[in-house]
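Novice: Sequence and predicted model, in that order:
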Amino acid sequence: GQSLEQPSEVTAVEGAIVQINCTYQTSGFYGLSWYQQHDGGAPTFLSYNGLDGLEETGRFSSFLSRSDSYGYLLLQELQMKDSASYFCATNTGGFKTIFGAGTRLFVKA
Amino acid sequence: NAGVMQNPRHLVRRRGQEARLRCSPMKGHSHVYWYRQLPEEGLKFMVYLQKENIIDESGMPKERFSAEFPKEGPSILRIQQVVRGDSAAYFCASSPTGDYGYTFGSGTRLTVV
């Protein structure tokens, strides 16, 4: 089967750093994406890793290791507004993208 | 650019009625996707369309559900004879290339009573 596994929830304090891991098992793999979704809102695209290594976009970074079928999203200088659900996703070929079940991040003051 | 437009935002249907959900992709995006999301769960792929073609409908139930993306007008997800289990948020996404970086609409929250 095809699946992406990520922790169901993570809690961190404002100003801290948090890492959300994602392991995947897919028949086809064309890179790892991350999306953010606030309660009641639409998912929004955060980042994409097509190749191994680290991609940085402001306070957010994403990492991929294809040999380990593993990636993570790193959020720095956490703010209250970062409280949301974060989904890893991958395109399995044929332009079809599947999503993990999501990690709910709670940021405490 | 208005983004991906979905309507209605909220839809209430009685069991046995039909639900029609509309999605207009971003300008210039030819790849359209429909996903379903239950509360506290992830996004489940339903169908991928391009203009006038269904490319992949492997995630869509075989009965009662259909989707189209006509040459003119929005993409439509149609659910016939709705049941309580169809209650969910339905998101449409579009992409210029189909590989990553989807833009999602605000979703239609369907409630079946």
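Specialist: Cool, the structure landed. Numbers count the residues shown, from 1 in each chain, chains lettered A, B, ... in the order given.

Novice: Can you check the pLDDT for residue 8?
Specialist: I went with chain A, as the question did not name one. In this model, A:Ser8 is scored at 95, pLDDT.

Novice: was after chain B, sorry
Specialist: Listed pLDDT for B:Pro8 reads 97.

Novice: which one is it nearest to, not counting chain neighbours?
Specialist: Nearest residue to B:Pro8 in three dimensions, chain neighbours excluded: B:Thr108, at 6.0 Å (C-beta to C-beta, 6 or more residues apart in numbering or on different chains). In short, each C-beta sits where N, CA and C put it, glycine included.

Novice: does that neighbour really touch B:Gln6, like I thought?
Specialist: Yes. If you go by C-beta atoms under 8 Å, B:Thr108 and B:Gln6 touch, sitting 5.5 Å apart.

Novice: Show me whatever sits in contact with both of the two.
Specialist: The contact sets of B:Thr108 and B:Gln6 overlap at B:Leu21 (C-beta atoms under 8 Å, 6 or more residues apart in numbering or on different chains).

Novice: In contact with residue 103: list those residues for me.
Specialist: Just so you know, I chose chain A. Residues near A:Thr103 by C-beta under 8 Å, 6+ apart: A:6-10, A:20, A:85-87.

Novice: wrong one, chain B
Specialist: Shown in contact with B:Thr103 (C-beta under 8 Å, 6+ apart): A:45, B:3-4, B:26, B:29, B:93-95.

Novice: Residue in chain B with the shortest distance to chain A?
Specialist: B:Gly98 (3.5 Å; C-beta to the nearest C-beta).

Novice: Quick one: residues contacting A:Phe99.
Specialist: For A:Phe99, the contact set (C-beta under 8 Å, 6+ apart) comprises A:4, A:35, A:87-89, B:35, B:42-45.

Novice: which regions of chain B sit below the pLDDT cut-off?
Specialist: Where chain B drops to pLDDT under 70, the residues are B:1.

Novice: hmm, back to that, what is the burial count for the nearest residue to the residue of chain B closest to chain A once chain neighbours are set aside?
Specialist: Closest residue to B:Gly98 apart from its sequence neighbours, by C-beta to C-beta, 6+ apart: A:Phe95 at 3.5 Å. Look at A:Phe95: counted by other C-beta atoms under 10 Å in any protein chain shown, it has 18 neighbours.

Novice: can you pull out the strands in the chain?
Specialist: Answering for chain A, as no chain was given. Along chain A, the stretches classed as strands by DSSP state E are A:3-5, A:9-13, A:18-25, A:32-37, A:44-49, A:53-57, A:60-65, A:70-75, A:84-91, A:97-99, A:103-108.

Novice: my bad, chain B
Specialist: Along chain B, counting by DSSP E, strands occupy B:5-7, B:10-13, B:19-24, B:31-37, B:43-50, B:53-56, B:65-68, B:75-79, B:88-95, B:103-104, B:108-112.

Novice: Return the residues of chain A in contact with chain B.
Specialist: Within chain A, the positions lying close to chain B (C-beta under 8 Å from any C-beta of the partner chain) are A:30-31, A:33, A:41-45, A:48, A:50, A:87, A:89, A:91, A:94-102.
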